[in-house]
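Student: any chance you could fold what I've pasted below:
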Amino acid sequence: MGWNIVRYSAKNYDVCFTYYKQPFLIKGCQDSYHLDLQNIEEIEEVVEVVQPGIIIHTAALANADVCEQRRSIAHAINVEGTRCLAECAEKIGARFVYISTDMVFDGNKGNYTEKDRATLVNYYGETKLLGEKVVREVSTDYLIFRMAVMYGHGNEKNGCFTDWIRRGLQRRSPISLFTDQYRTPLFAWEGGQAILEVLQHPVRNEIFHLAGSERITRYDFGQTSADFLGTRKKISILSKCAKLQLSRNAAMIAHWIPQKSPPSWVLSFPMLKPA
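Tutor: Numbering: from 1, shown residues only. As a prediction, the model looks like this:
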């Protein structure tokens, strides 16, 4: 997500972005900074040096299994790291944009709006919801975007759902996908456009749900992706019923519709300054 936002926003903003493990280049961006969200001093130093007008916080420990197994690290990154960033943004008067997830819902109801109460199913969702709470407590100028599962092209370091499908197909690995988990996939590029369009309007301290318009199962979406990649005949995609044996990390997230639509559809975290 952050990679797509950086690429799109570089047209109209001076953009800096951060990385954790390996540095990489993004066209149109000259400055990048190492950032460990568990290192409070490093967070404060980077924000102080850059002095951004907007911080878009897309980084997280997002692997649900790892979050479950290493809770202290998940909390440090997803909650305390978010707190420090929000506090730094507030200190310099920057807008703070927090990227959250549809995993703050368990999926039993479906068709979620921003007014619905969160119903957690795993620790990843819990840390992201706590991150939302921290942002609301600390920031006086924030936006929170809960994103649906995304597809499109990520960078070589962090991919999205379709990147995972593509890699599995290329390796001729069996792919198991739920037939009863319904999602509303969002094209990552359009998600980035939507966020930046909202930033052009005088709206603050709101939560938005961003999702695609089509409701589809993971299994059907995997088949569609394989057809698009031209590899479906080479590797079969196996269905797996989510209701048969659900671990606490395998939430059935049903369709949820944005109630507050952006004006139009339009790093780890990008830090933006008007060009």
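Student: all helices for the stretch 1-150 of the chain, in order.
Tutor: Along the stretch 1-150 of the chain, the segments classed as helices by DSSP state H, counting those that start in this stretch run 2-9, 40-50, 64-69, 71-75, 81-92, 123-138.
Student: which other residues reach the fourth one?
Tutor: To tie it back to what came earlier, the one meant is helix 71-75. Q38, L61, V66, C67, Y123, Y124, T127, L130 (C-beta atoms under 8 Å, 6 or more residues apart in numbering). Heads up, the C-betas are built off the backbone N, CA and C, glycines and all.
Student: at 7 Å instead, please
Tutor: L61, C67, Y123, Y124, T127 (C-beta atoms under 7 Å, 6 or more residues apart in numbering).
Student: quick check: buried residues in stretch 135-151?
Tutor: Buried residues in stretch 135-151, counted by 16 or more other C-beta atoms under 10 Å: 135, 138-139, 142-151.
Student: ok, now stretch 209-216?
Tutor: In stretch 209-216, counting by 16+ other C-beta under 10 Å, buried: H209, L210, A211, G212, R215, I216.
Student: least confident of the helices of the stretch 1-150 of the chain, on average?
Tutor: Ranked by mean pLDDT, the helices of the stretch 1-150 of the chain end with helix 2-9 in last place, scoring a mean of 80.
Student: and C67, how far from K133?
Tutor: For C67, the distance to K133 equals 17 Å [C-beta to C-beta, to the nearest Å].
Student: ugh, wrong one, Y124
Tutor: 15 Å.
Student: of the two, give the one with the bigger neighbour count.
Tutor: Of the pair Y124 and K133, Y124 is the one with more neighbours under other C-beta atoms under 10 Å, namely 25 against 14.
Student: my read: M147 touches L186, true?
Tutor: Yes: M147 lies in contact with L186 (C-beta atoms under 7 Å); the separation is 6.5 Å.
Student: shared neighbours of those two, anything?
Tutor: With C-beta under 7 Å, 6+ apart as the test, M147 and L186 both reach L210.
Student: just to revisit the earlier point, max pairwise distance over the contacts of helix 71-75: which two?
Tutor: Maximum pairwise distance among the contacts of helix 71-75 (C-beta to C-beta): 10.1 Å, between L61 and Y123.
Student: between those two, what contacts are shared?
Tutor: What both L61 and Y123 touch, as defined by C-beta under 7 Å, 6+ apart, is the set C67, A74.
Student: following element in sequence after the strand or helix carrying W164, please.
Tutor: In this structure, W164 sits in helix 161-170 according to DSSP states H and E. As assigned by DSSP H and E, the chain's next helix or strand after helix 161-170 is strand 175-178.
Student: tell me the buried residues in that next one?
Tutor: I175, L177, F178.
Student: hang on, the second one packs against R218?
Tutor: The reference is to L177. Yes: assessed by C-beta under 7 Å, L177 is found in contact with R218 at 4.4 Å.
Student: picking that back up, highest mean neighbour count across the helices of the stretch 1-150 of the chain, which stretch is it?
Tutor: helix 2-9 (a mean of 24; mean count of other C-beta atoms under 10 Å).
Student: run through the protein and note the low-pLDDT ranges.
Tutor: Residues of the chain that meet the criterion pLDDT under 70 lie in 153-162, 231-275.
Student: and the strands in the stretch 151-275 of the chain?
Tutor: 175-178, 182-183, 186-187, 206-210, 216-217, 237-240, 270-274 (DSSP state E, counting those that start in this stretch).
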